[in-house]
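**Q** quick one: sequence plus predicted model below, questions after.
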Amino acid sequence: MTIKWAVALTLGLATLLALVRLSLWHRRARKRGEASPVRLALLMLLQPVVSTLLYCALFPPMEGGGATDLRIATARTSRLATTADGSPLILLPEASAMAGGEATPDLATAFRRHPGVRTITVLGDGLGQRDIDAAQQVAVRFDPPPLRPGILNLTPPPTVAAGGRFVVGGTLTRLSGATIELIDPAGRVTDSIAAERDGHFLLAGTARAAGAVSFTLRVRKDKRVIEQADVPVWVTDSAPPRLLILAGAPGPEVKYLRRWASDAGFDVTTQMSAGAGIALGDAPVALDAAGLRRFDVAIVDDRAWTGLRGPLIAAVRGGMGLVLRAGGAIDGPTRSQWQALGFGLTGPGGVAPLALPKASEEALARTRHGIGSDESPVDMALPEDLAPDVSRLGLAPGGGEAVPVLRDEGGATLGMWRAIGMGRVALFTGVDSYALTLTGRRDLYGDWWSALLTSVARPAPSSRMIPGVVWAGERMALCDIGDDGQVEYADGARTKLVPVAGCGAFWPAKAGWHSLRVKDGLRLFHVQPRDALPIMRAARDRQAMAMLSTATPDASAAAMTAGTPGSAWPFWLTWLATSALLWWLERSGIGRRKGGSSMSAET
């Protein structure tokens, strides 16, 4: 029961008791010849009037605001859309100045100026984060215009170790044939790619020195820059991941794996057997379960696997990652052992051809004519008729619990992984993958091995970077901060957070890196400039608008927009005057027959 109902029932009960009292008095007064029907009628009429006036003074009636529909102009609102006569036009700060429009700082202010609004028609790109909550009170009509060409989505990388490789992903809209480039802080292009048909793209970069840095993502089409945005990267000074490469014999695959892994930021240890108990490579390490657990990930070929199966499995159960590779066709015992790990190897066996994606002309030209170039491999490029073929095992890995990692251009699975204990083990069926580096496909070689090692390597410590894309001037919520969380700007200035529902609200005024100081240390986050990534921002707002358009406001919200309470002073003054009249009439002798006593004496 609401307070309005409680007050109404109380006043109704009081009025009923007053009417009963007047009826009893009139009954006694009639026996003594003092009753006056006119006086009784006046007194009984004034009782409900006084109660009604008191209720209206406590809860003034709602006053309607006129229009029940509003047109809301937002960013990129066409002037043609506002020329139609009809409901009032509200201009939010993002909209351009238009004749006949009423400028308001936000949507909530428009509702206060126009009480009784039930429906709004949103024009232009749609409401922003500031006005979404206010729009939940009414029904929303929104027909968004097509998005402009640009970056629809951007996913910055998580925390990366110094020297490590990271990947930036995203999506373009309405930009077929565009070129996307990743530029490091020094202004060098670290990766370039053409967007796929659906607009998706992946770019790779390498983190150098530790600290907070910003790469640049640039989108070009026909030699014209369409859009560019900051890509924040938090580079930690943690130790590089430790990689162990074990081979049953020396070979070019180990040579090129070591070279690539060192460039990718791994701390590499290599052990190769030369027969007769002779080991080549780095300083010997203990190849037992305890010694292997020192490493984060290991790459082991089929010949080395045979003698170290037990210690390797024990190390994987303890958290180490393991990648098994084949140097050629494998024998029956090795096939059975790998099947026992959960990889259902099926097929004719032997070695099968591998379908590679088509190489770019730029990469091929660099390999054939790039001897001495910074981009060419140290080894001289081999002629095509002498270059080894990249093949794969004729056995296709499978298994219900195995997760595919790599596939060739023909759809054949090249790599899968599955969990064993606290670690993961992956099976790579490619043979002589090093030949990719000699035939203009060093990018593909790096992608393959990076995907395999990233899938199974022991995870690094949790990130201290707050994920997500934030724009300057918009509110963001920071949770799990305790009671004394503060945000520090790049210039050293600090500000406290506003407590909101167990979290802290923060309105960044500047773009760039910020530090959130909490009890357990620092957490970094990056703020994009106000005008950065406009297409991504518009798409986010449209998604929120779509949820509003299909939602029906609840009864309480509808009641809030039905109008505003009127003034209570007229009802208080009228109630006071009517109560005084009732008090005077009950105690006066007007309307009584002579000889009767006062009503107050009788009652």
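**A** Noted; the coordinates are in hand.
**Q** what residue ranges in the stretch 351-500 of the chain score low on pLDDT?
**A** The stretch 351-500 of the chain contains residues with pLDDT under 70 at 359-388, 461-463, 482-483.
**Q** dump the residue contacts of residue 271.
**A** Residue 271 makes contacts with 244, 245, 246, 247, 279, 280, 281, 282, 284, 285, 287, 304, as judged by CB atoms under 8 Å, 6 or more residues apart in numbering. C-betas here are computed from N, CA, C, even on glycine.
**Q** next SSE after the strand or helix carrying the first one?
**A** What it means is residue 244. In this assignment (DSSP states H and E), residue 244 forms part of strand 242-247. As assigned by DSSP H and E, the chain's next helix or strand after strand 242-247 is helix 252-263.
**Q** and the contacts of that following helix?
**A** 243, 245, 247, 268, 270, 272, 299, 301, 325, 327, 378, 432-434, 437, 445-446, 449, 453.
**Q** can you pull out the strands in the stretch 1-150 of the chain?
**A** 62-63, 69-73, 89-91, 101-103, 119-123, 139-142, 150-155 (DSSP state E, counting those that start in this stretch).
**Q** partner strands of the last one and their direction?
**A** Using DSSP bridges, the neighbouring strands of strand 150-155 in the sheet come out as strand 165-173 (antiparallel).
**Q** helix or strand right after the partner strand?
**A** Following strand 165-173 in sequence order, the next helix or strand is strand 179-183 (DSSP H and E).
**Q** report the inter-axis angle for that next one versus strand 165-173.
**A** If you take axes from the mean of the first three to the mean of the last three CA atoms, to 10 degrees, strand 179-183 sits at 140 degrees to strand 165-173.
**Q** off-centre distance for strand 179-183?
**A** Centroid separation for strand 179-183 versus its chain: 23 Å, with CA atoms, centre = their mean, to the nearest Å.
**Q** tabulate the CA atom coordinates of the helix or strand just after it in CSV.
**A** Using DSSP H and E, the helix or strand that follows strand 179-183 in sequence is strand 189-194. Coordinates of the C-alpha atoms in strand 189-194 are reproduced here as CSV (Å, rounded to 0.1, in the frame of the first residue of the first chain):
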residue,chain,number,x,y,z
VAL,A,189,54.7,0.3,-40.1
THR,A,190,55.0,-3.0,-38.3
ASP,A,191,52.2,-4.8,-40.1
SER,A,192,49.9,-4.1,-43.0
ILE,A,193,47.0,-6.2,-44.3
ALA,A,194,43.9,-5.9,-46.5
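**Q** can you give me the helices in the stretch 501-603 of the chain?
**A** 534-549, 555-560, 569-587, 599-602 (DSSP state H, counting those that start in this stretch).
**Q** most tightly packed of the ones you listed?
**A** Comparing the helices of the stretch 501-603 of the chain by mean neighbour count (mean count of other CB atoms under 10 Å), helix 534-549 ranks first with a mean of 18.
**Q** chain center to the strand holding residue 244: distance?
**A** The chain centroid and the centroid of strand 242-247 are separated by 37 Å under CA atoms, centre = their mean.
**Q** stretch 491-502 too?
**A** 21 Å.
**Q** also stretch 6-24?
**A** With CA atoms, centre = their mean, you get 59 Å for stretch 6-24.
**Q** mind giving me the domain ranges of the protein?
**A** 3-61+566-602, 69-145+537-549, 160-236, 242-356+365-370+379-456, 470-532 (automatic domain parsing).
**Q** do you know which of the ones you listed lies nearest residue 152?
**A** Counting by CB to CB, residue 152 lies closest to domain 160-236 out of these; the figure is 4.2 Å.
**Q** count the neighbours of residue 7 for me.
**A** Neighbourhood size, residue 7 [other CB atoms under 10 Å]: 14.
**Q** what's the spacing between it and residue 23?
**A** The spacing between residue 7 and residue 23, counted by CB to CB, to the nearest Å, is 25 Å.
**Q** now do residue 169
**A** From residue 169 across to residue 23, the span is 83 Å (CB to CB).
**Q** centroid residue for the protein?
**A** Closest to where the C-alpha atoms of the chain average out (CA atoms, centre = their mean) is residue 468, at 5.6 Å.
**Q** Three-state assignment for that one, please.
**A** Following DSSP: H, G, I helix; E, B strand; the rest coil, residue 468 is assigned to coil.
**Q** quick one, what contacts it?
**A** 476, 525.
**Q** mind listing what's buried in the longest strand along the chain?
**A** In the chain, taking DSSP state E as the definition, the longest strand is strand 224-236. For strand 224-236, the neighbour count (16 or more other CB atoms under 10 Å) marks 226, 227, 228, 229, 230, 231, 232, 233, 234, 235, 236 as buried.
**Q** where's the residue nearest to the third one when sequence neighbours are not counted, which helix or strand?
**A** Leaving out its chain neighbours, the residue that sits closest to residue 228 by CB to CB, 6 or more residues apart in numbering is residue 218, at 4.2 Å. With secondary structure defined by DSSP H and E, residue 218 is part of strand 211-221.
**Q** in its sheet, what does that strand sit against?
**A** By DSSP bridges, strand 211-221 pairs with strand 179-183 (antiparallel), strand 224-236 (antiparallel).
**Q** could you give the angle of the longest one to helix 534-549?
**A** Going by the same axes, to 10 degrees, strand 224-236 is angled at 80 degrees with respect to helix 534-549.
**Q** tell me how far strand 224-236 lies from the chain's centre.
**A** 18 Å.
**Q** could you give the average pLDDT over it?
**A** Mean pLDDT, strand 224-236: 93.
**Q** repeat for the shortest one
**A** Mean per-residue pLDDT for strand 179-183: 95.
**Q** show residues contacting that strand.
**A** For strand 179-183, the surrounding residues in contact (CB under 8 Å, 6+ apart) are 168, 170, 172, 189-195, 201, 203-205, 215-221, 231.
**Q** buried only: go through those residues for me.
**A** Neighbour counting over the contacts of strand 179-183 (16+ other CB under 10 Å) leaves 168, 170, 172, 191, 195, 201, 203-205, 215, 217-221, 231 as the buried ones.
**Q** make a markdown table from the domains of the chain and add distance to residue 154 to it.
**A** Listed next are those as a markdown table, based on distance: least, CB to CB, whole Å:
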| stretch | distance to residue 154 |
| --- | --- |
| domain 3-61+566-602 | 51 |
| domain 69-145+537-549 | 11 |
| domain 160-236 | 4 |
| domain 242-356+365-370+379-456 | 20 |
| domain 470-532 | 9 |
